[in-house]
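Visitor: got a predicted structure here, sequence first:
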Amino acid sequence: QVQLVESGGGLVQAGGSLRLSCTASGLNFNRYTMAWFRQAPGKEREFVTVVKWSGSTTSYVDSVKGRFTISRDNAKNTVYLQMNSLKPEDTAVYYCAADYYGAMYSTARQYDYWGQGTQVTVSS
């Protein structure tokens with residue numbers, strides 16, 4: 001059974017930092033492109049960033065470029081999201097997602113597996 005478990009969310013003041021983790025089990029992690037999405041109340045789920053299964057390529061939504069960094073540790077079956085200079089508009093539930101040998105899609109329907117989400121709240 002495949003499981004993706006996110007952690008690291010919380011409440012932080014604007015300008016602060018958080019590091020999210022997503023640990024996978026039940027799949028061959030190094031064959032999966034991993035992404036982070038987020039969903040704010042009343043809004044659609046939004047692509048944030050993705051790292052290719054090979055680890056060599058990343059992509060970000062414009063609103064987080066220069067502030068967020070995605071990375072992966074295949075030995076630990078874990079993908080990370082380092083979030084710096086957080087803004088109130090970053091407040092959302094953050095989800096990790098996995099796509100088998102994925103081509104770094106930014107649309108949610110392309111992803112095979114999802115975590116349960118972790119809440120990030122940025123106060124002004």
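Guide: Right, received. Where do you want to start?
Visitor: report the contact partners of the residue sitting nearest the centre point of the chain.
Guide: Residue closest to the average C-alpha location in the chain (Cα atoms, centre = their mean): residue 36, at 2.3 Å. If you count contacts by Cβ atoms under 8 Å, 6 or more residues apart in numbering, residue 36 has them with 20, 22, 48-50, 70, 79, 81, 94-97. All C-beta atoms are positioned from the backbone trio N, CA, C, and that covers glycine.
Visitor: run the last query once more with 10 Å
Guide: 6, 20, 22, 46-51, 60-61, 64, 68, 70, 79-81, 83, 94-97, 115 (Cβ atoms under 10 Å, 6 or more residues apart in numbering).
Visitor: likewise for residue 28?
Guide: 53, 74, 77, 100.
Visitor: okay, and which of those residues map to strands?
Guide: In strands, defined here by DSSP state E, the members of the contacts of residue 28 are residue 100.
Visitor: who wins for neighbours among the contacts of residue 28?
Guide: residue 53 (22 neighbours; other Cβ atoms under 10 Å).
Visitor: sorry, back to before: can I get the CA coordinates of the helix or strand hosting the residue nearest to the centre of the chain in PDB?
Guide: Assessed by DSSP states H and E, residue 36 sits inside strand 32-39. This file holds the C-alpha atoms of strand 32-39, laid out as PDB (Å, rounded to 0.1, in the frame of the first residue of the first chain):
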ATOM      1  CA  TYR A  32       8.600   8.900  -9.100                       C
ATOM      2  CA  THR A  33       8.500  12.500 -10.000                       C
ATOM      3  CA  MET A  34       7.400  14.300  -6.800                       C
ATOM      4  CA  ALA A  35       5.500  17.600  -6.500                       C
ATOM      5  CA  TRP A  36       4.000  19.900  -4.000                       C
ATOM      6  CA  PHE A  37       0.600  21.400  -4.400                       C
ATOM      7  CA  ARG A  38      -1.400  23.700  -2.100                       C
ATOM      8  CA  GLN A  39      -5.000  24.500  -1.500                       C
END
